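Asker: need a structure here:
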Amino acid sequence: MSQKQQRPGGGTNPYLLLTTTMVLWGSGFSSSKVVVDHLPHAVAALLRFGGGAVVLLIALRFVPSQQATSGRDVGRAAGAGVLGVFLYNLLFFWGLSLAPAMDSTTIIPVMSPVLTTGFLLVTRKERASAGRVAGLALGLTGAVIFLIGARTDAGAGGDRFLGDVLFLLSAACWAAFTLLGPGCSPGSSRFGPRRTR
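Answerer: Residues are numbered from 1 along each chain as shown. Next comes the predicted model:
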């Protein structure tokens, strides 16, 4: 069965959705830099995601829940929210107030998958392959070279390096957020049967 046949009613083209996602994701770095030039980084993060939270809470009132939510799921979602929304964006906006947006577009998208995959390989939740190890090494090498270049840039100053470190911490938060997702949890089918105590 072809991909077109699998989409009932001729649904939206997945490549269009992926392209839209890339445009929105990529433009977020530069547009956020414009905002932090006029507002404190903490205020910018609060307005962006506090506003988003209010919209989602209103939407929840109109979307019926299809399944019961356990306390464990709520705690996990709260933990993911703290890491992937609160801490990630606090560090991200703080970094933008110190370093160019170009640094964030280099460090975060490269280091997030490197840290995520590295954790999965070290904990043996996924198998290492030559391609994966080479990709990790290449990404890590590129990030180190970029950080050294930012550190030694004569006109950059210490603020840029600190901003880059904050972007690196943002990437670590995003990696942890990804690992908390249902597909990467130790109890999910991806990593074998759920362990019981």
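
Asker: Report how many residues lie close to Ala143.
Answerer: 19 (other Cβ atoms under 10 Å). Placement of C-beta: from N, CA and C, glycine included.

Asker: Check Ala130 too.
Answerer: For Ala130, using other Cβ under 10 Å, the count is 7.

Asker: Check the offset of the helix or strand where Thr19 lies from the chain's centre.
Answerer: Using DSSP states H and E, Thr19 sits in helix 14-36. Here the centre of helix 14-36 is set off from its chain's centre by 13 Å, with Cα atoms, centre = their mean, to the nearest Å.

Asker: helices or strands up against the very next helix or strand once past that helix?
Answerer: Going down the chain from helix 14-36, the next helix or strand is helix 41-45, by DSSP H and E. Where contact means 3 or more Cβ pairs under 8 Å, 6 or more residues apart in numbering; DSSP states H and E, helix 41-45 is packed against helix 14-36, helix 88-96.

Asker: follow-up on the earlier one: quick one: list the elements packing against the helix holding Thr19.
Answerer: Against helix 14-36 (3+ Cβ pairs under 8 Å, 6+ apart) you get helix 41-45, helix 88-96, helix 101-122.

Asker: contacts for the helix or strand following the longest one?
Answerer: In the C-terminal direction, the helix or strand that comes right after helix 101-122 (DSSP H and E) is helix 130-152. Contacts with helix 130-152, where a contact means Cβ atoms under 8 Å, 6 or more residues apart in numbering, come from 99, 103, 106-107, 110-111, 113-114, 117-118, 121, 156, 160-161, 164, 168.

Asker: try it again with 6 Å
Answerer: The contact list for helix 130-152 (Cβ atoms under 6 Å, 6 or more residues apart in numbering) reads 106, 110-111, 114, 118, 156, 160-161, 164.
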